[in-house]
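Q: I'll drop the sequence and a predicted model, then ask my questions.
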Amino acid sequence: MKCIIGVDIGGTDIKLGKFYGDELVKENRISTNKAEKGKYILDDVFKAVDELLENDELEGIGLGIPGPVVDDHILGCENLGWGRFDITSIIKDKYPNVKIKVLNDANAATIGEWAYGGGKKYSSFVLVTLGTGVGGGVMIGNHLVEGVSGSAGEIGHLKVNVGNMRKCACGLFDCLEQYASATGVVITANELRIGRNTKINDYSDEEITSRLVFDLAKDGDEVALEVVDEMIHKLALGLSIVASVINPEAFVIGGGVSKAGQFLIDKLEKKFYRYAFYTNENTDFKLAELGNRAGIYGASYAVRHQEV
């Protein structure tokens, strides 16, 4: 039977899914081997793809990559140790005569949520992923916006503070992801808990996570609430800027931090409406629905619908 394999290559692990049309029938996950500048990653992917195929015929393969992609060419991927190279040609050498689509991982997740998940009812929305960093993807009029150099949707690098307080991995200061990511929440918590009466201080540095902070905030811990409010303030500020440019129907919120659920959404909506231009007063906020499968769903869909 013909199938399509969707692949989501991350800095920690690689997720793969086999699809019969829209149906995910089998999954696999392998560790990302970044040794020697990621030279073994594609070989590991090919081996995992072959195992997933079993007796099926490979019709196409879609890959989500954590870096900018233009015309199926990678412009660089620091998280994997990859520089600029023509990944499509390498895949074609391994799997001739199959459909191939390579795209940014956040864009793959955006397509996944648009086709199957939290963005399904919207023609124009922004996916916001709140994880170790802050990423995003933009869908306008049912078309993915990738930008000239493949970096459209990189909302994590909006500048939301002045004074060069926190240096980002990108080399700039005070990017949104330094405040609104899981990492940023922990940084803020460690700043605000010093000398304060808070349950955060009952935990070791290794135990303090964004999930812990949100759980304590839900329980009414004053300092934890301050941390969450600071994170929400920066995120709402950044999204109000995005809304002024794009005017989307909705923001779909995903990533590990989104597991805070409606508690996060309610606070974010309230703050966003305070900051946003009045024409954005009906913007929806919705939780993503596909979790860590969004990338493989989107990569698979992109292979079958190359025009997205």
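A: Ah, there it is. If you're wondering where the values come from, they're calculated on a predicted model, not measured in any experiment. Residues are numbered from 1 along each chain as shown.

Q: Now the helix or strand hosting Lys270: buried residues?
A: Per DSSP states H and E: Lys270 is located in helix 262-275. Residues of helix 262-275 classed as buried by neighbour count (16 or more other Cβ atoms under 10 Å): 264-265, 267-269, 271-273, 275. Every residue, glycine included, has its C-beta placed from N, CA and C.

Q: Please work out the average pLDDT along the next helix or strand after it.
A: Scanning forward in sequence from helix 262-275 by DSSP H and E, the next helix or strand is strand 284-287. Averaged across strand 284-287, pLDDT comes to 97.

Q: and strand 284-287, how far from the chain's centre?
A: 15 Å (Cα atoms, centre = their mean, to the nearest Å).

Q: same thing with stretch 113-132?
A: 10 Å.

Q: end-to-end on that stretch?
A: End-to-end distance for stretch 113-132, by Cα to Cα, to the nearest Å: 20 Å.

Q: got the buried residues for that stretch?
A: Residues of stretch 113-132 classed as buried by neighbour count (16+ other Cβ under 10 Å): 113-119, 122, 124-132.

Q: May I have the phi/psi pair for Val228?
A: phi -60, psi -40 (degrees, to the nearest 10).

Q: Quick check: nearest residue in space to it, chain neighbours excluded?
A: Distances taken as Cβ to Cβ, 6 or more residues apart in numbering put Ala217 closest to Val228, at 4.5 Å, once the chain neighbours are dropped.

Q: shouldn't the one you found be in contact with Leu225?
A: Yes. Proximity of Ala217 to Leu225 meets the contact threshold set by Cβ atoms under 8 Å, at 4.8 Å.

Q: Which one of those two is surrounded by more residues?
A: Applying other Cβ atoms under 10 Å to Ala217 and Leu225 shows that Ala217 carries more neighbours, namely 23 against 18.

Q: what helix or strand is that one on?
A: Element membership of Ala217 [criterion: DSSP H and E] is helix 210-218.

Q: got it, and Val7?
A: According to DSSP H and E, Val7 maps onto strand 2-9.

Q: relative to strand 2-9, how tilted is whatever helix or strand comes next after that strand?
A: Using DSSP H and E, the helix or strand that follows strand 2-9 towards the C-terminus is strand 13-20. Interaxial angle of strand 13-20 relative to strand 2-9 (axes from the mean of the first three to the mean of the last three Cα atoms, to 10 degrees): 160 degrees.

Q: that older thread, so how far is the helix holding Lys270 from its chain's centroid?
A: With Cα atoms, centre = their mean as the basis, helix 262-275 stands 20 Å off its chain's centre.

Q: same question for that helix, mean pLDDT?
A: 97.

Q: Pull the residues that contact that helix.
A: With contact meaning Cβ atoms under 8 Å, 6 or more residues apart in numbering, helix 262-275 is reached by 214, 217-218, 228-229, 232-233, 235-237, 239-240, 243, 251, 253, 257-258, 280-281, 283, 285-287.

Q: swap in stretch 193-211?
A: 181-182, 185-186, 189-190, 212-213, 216, 219, 221-224, 227, 256-257, 259-260.

Q: Swap in 7 Å and give it another go.
A: For stretch 193-211, the surrounding residues in contact (Cβ atoms under 7 Å, 6 or more residues apart in numbering) are 182, 185-186, 189-190, 212-213, 216, 221-224, 257, 259.

Q: ends of that stretch, how far apart?
A: OK, stretch 193-211 end separation, Cα to Cα: 16 Å.

Q: Any idea how many residues pack against Glu226?
A: Counted with other Cβ under 10 Å, Glu226 comes out at 18.

Q: Quick check: it is in a strand.
A: No. Counting by DSSP: H, G, I helix; E, B strand; the rest coil, Glu226 is not part of a strand but helix.

Q: Surely it and Leu192 touch.
A: Yes. At 5.6 Å, Glu226 counts as touching Leu192 under the criterion of Cβ atoms under 7 Å.

Q: What confidence value was assigned to the spatially closest residue to Glu249 that is not a sequence neighbour?
A: Spatial nearest neighbour of Glu249, chain neighbours left out: Tyr122 (4.5 Å); criterion: Cβ to Cβ, 6+ apart. On pLDDT, Tyr122 comes in at 97.
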